[in-house]
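Engineer: Give me a 3D structure for the following:
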Amino acid sequence: MIQLDEKIYFYLLAIIPIMVVLFVFLQIWKKRTQKRFADTSLLKRLTPNRSRFKSYVKLIFFLLGITFLTLGLVNPKIGTKLETVKREGVDIVFAVDVSKSMLAEDIAPNRLEKAKRLVSEIINQLGSDRIGIIAYAGQAFPQLPITTDYGAAKMFLQSMNTDMLTSQGTAIDQALGLATTYYDDEEQTNRVLFIISDGEDHSEGTTSQAVDDAVDEGIRIFTIGVGKSKGAPIPIKRNGVVESLKKDSQGEVVITRLNEEVLQEIANAGNGQYIDGSNTSEAVEQIKDILMQMDKTEFEAKQFSEYKDQFQWFLAAGLLFLFLDVFILDKKTKWLKKLNLFNES
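Structural biologist: Modelled structure (predicted):
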């Protein structure tokens with residue numbers, strides 16, 4: 001397991017493309033200037049020991065030095081001891097709607113981004129609970145199995161988009177069915193499912209049966225609504241620019257609306273509660289209170305307990321490459337000249 005202490009120093013790597021561009025312009029300027037002074041054959045006679053390739057080697061060493069020094073400042077740490085610890089918590093699964101209707105921008109920046117932010121903020125409030133993530137549209141896809149790794153959860157969460165599932169629609173029953181397979185601990189008494197959606201449901205009459213099946217498995221279902229009841233069109237974008245709006249078979253612009261009734265019915269039948277997700281902080285606080293009131297079940301989890309700094313190795317490598325860059329001259333080296341590594345004879 002690797003931890004990065006100071007990720008902000010990664011911005012220093014922006015020096016690398018800048019140096020490459022400056023180097024290219026410098027080489028072009030040198031060649032033009034030399035051509036004004038003399039032709040190529042004369043320059044070779046005037047500067048017989050000048051290496052054509054040492055400047056490139058020096059640049060590579062310099063860039064490697066900057067890269068390793070930056071990694072040293074970031075300070076990677078490697079977990080050296082894996083131990084099993086006892087934790088108490090709730091098993092929570094987030095089912096996030098990734099259908100095209102979630103691209104509607106009636107809630108900034110759009111419904112899907114709002115849903116992802118809600119889940120991320122909820123994760124920030126968790127202590128020792130286990131979490132899993134499901135993506136669903138016309139079908140459901142297991143995005144992340146039950147885990148205590150919140151960092152991985154956020155990474156998978158941010159990668160979710162409306163193109164990840166080819167089957168379009170909003171089949172909530174598919175998400176409910178997949179969620180029942182996530183809870184693998186028979187002793188876990190608190191099984192919670194959060195459905196984050198605009199409430200559009202194309203699974204017709206099968207949703208109620210899926211809710212009943214989930215309740216039979218001991219799962220409490222909470223729904224979080226994102227969007228506005230007045231609705232909004234679904235933009236079709238390319239490179240971030242709106243090209244058109246989604247239309248139906250009659251050529252009319254499709255208006256997608258938040259269907260709170262469906263979400264409330266699912267929550268009520270699932271022994272849960274409907275939560276308005278329009279205000280992130282209020283929704284997160286409400287969910288935090290709900291989870292705090294639940295009984296916690298003890299379970300085992302493996303985690304790294306000791307991390308060792310590795311910055312010294314990167315700093316040493318960085319200083320070595322910068323040292324080589326300084327002491328390598330542009331002139332040909334006698335023993336390298338004999339080897340003719342760069343075919344300069």
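Engineer: Count the neighbours of N239 for me.
Structural biologist: When neighbours are defined as other C-beta atoms under 10 Å, N239 has 5 of them. Where you see a C-beta, it was placed from the backbone N, CA and C, and this is true even at glycine.
Engineer: Equivalent analysis for S101, please.
Structural biologist: Neighbours of S101 (other C-beta under 10 Å): 28.
Engineer: what secondary structure does A175 sit in?
Structural biologist: helix (DSSP: H, G, I helix; E, B strand; the rest coil).
Engineer: OK, contacts around it?
Structural biologist: 95, 134, 136, 140, 195 (C-beta atoms under 8 Å, 6 or more residues apart in numbering).
Engineer: Now secondary structure and neighbour count too, for those residues, in CSV please.
Structural biologist: Shown next, in CSV, are these (DSSP: H, G, I helix; E, B strand; the rest coil; neighbours: other C-beta atoms under 10 Å):
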residue, secondary structure, neighbour count
A95, strand, 26
I134, strand, 25
Y136, strand, 29
A140, strand, 21
I195, strand, 27
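Engineer: nearest to I15, of these?
Structural biologist: I134 (41.6 Å; C-beta to C-beta).
Engineer: beta partners for the closest one?
Structural biologist: Going by DSSP bridges, I134 is paired in beta bridges with A95, P142.
Engineer: And it, how far from S281?
Structural biologist: Taking C-beta to C-beta, to the nearest Å as the measure, I134 falls 25 Å from S281.
Engineer: How about D201?
Structural biologist: 28 Å.
Engineer: more crowded one of these two?
Structural biologist: Here D201 and S281 are set side by side on neighbour count (other C-beta under 10 Å), and the busier one is D201, at 20 against 8.
Engineer: Which stretches in the stretch 1-150 of the chain count as strands?
Structural biologist: 2-4, 76-89, 91-97, 130-136, 140-147 (DSSP state E, counting those that start in this stretch).
Engineer: Adding mean pLDDT and distance to K228, write these out as a markdown table.
Structural biologist: As requested, those are arranged in a markdown table below (pLDDT from 0 to 100; distance: least, C-beta to C-beta, whole Å):
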| stretch | mean pLDDT | distance to K228 |
| --- | --- | --- |
| strand 2-4 | 73 | 39 |
| strand 76-89 | 68 | 34 |
| strand 91-97 | 94 | 15 |
| strand 130-136 | 93 | 22 |
| strand 140-147 | 90 | 25 |
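Engineer: between those strands, which gets nearest to S120?
Structural biologist: Smallest distance to S120 across these (C-beta to C-beta): 10.0 Å, for strand 91-97.
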